[in-house]
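Trainee: sharing a model prediction with you, sequence too.
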Amino acid sequence: MGLLISVFISHRGHLVAGIFMGWFYGYAAIGSYASLKTSIVSYLKKVRRE
């Protein structure tokens, strides 16, 4: 998803820059999702123990 946004919206007209930055955007999104999921799971485990 990040690659498509980067190529077609953010870096229109610069394919190489769009692909390069899209790679970073994609991995940033994956990292944000993983962090959020880990935080929620940890919180739910803590709440259930109490």
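Mentor: Looks like it came in fine.
Trainee: below-threshold pLDDT in the chain: ranges please.
Mentor: Regions of the chain meeting the criterion pLDDT under 70 cover residues 1-2.
Trainee: can you give me the strands in it?
Mentor: Assigned by DSSP state E, the strands in the chain number zero.
Trainee: what residue lies at the spatial centre of it?
Mentor: With distances taken as C-alpha atoms, centre = their mean, the residue of the chain nearest its centroid is residue 29 (0.1 Å).
Trainee: quick one: contacts for residue 10?
Mentor: Taking C-beta atoms under 8 Å, 6 or more residues apart in numbering, we find residue 10 in contact with 18, 21. For glycine as for every other residue, the C-beta is placed from the backbone atoms N, C-alpha and C.
Trainee: count the neighbours of residue 6 for me.
Mentor: The tally of other residues near residue 6 (other C-beta atoms under 10 Å) stands at 22.
Trainee: what's the answer for residue 41, then?
Mentor: By other C-beta under 10 Å, 10 other residues sit near residue 41.
Trainee: do you know how far it is from residue 48?
Mentor: Per C-beta to C-beta, to the nearest Å, residue 41 is found 11 Å from residue 48.
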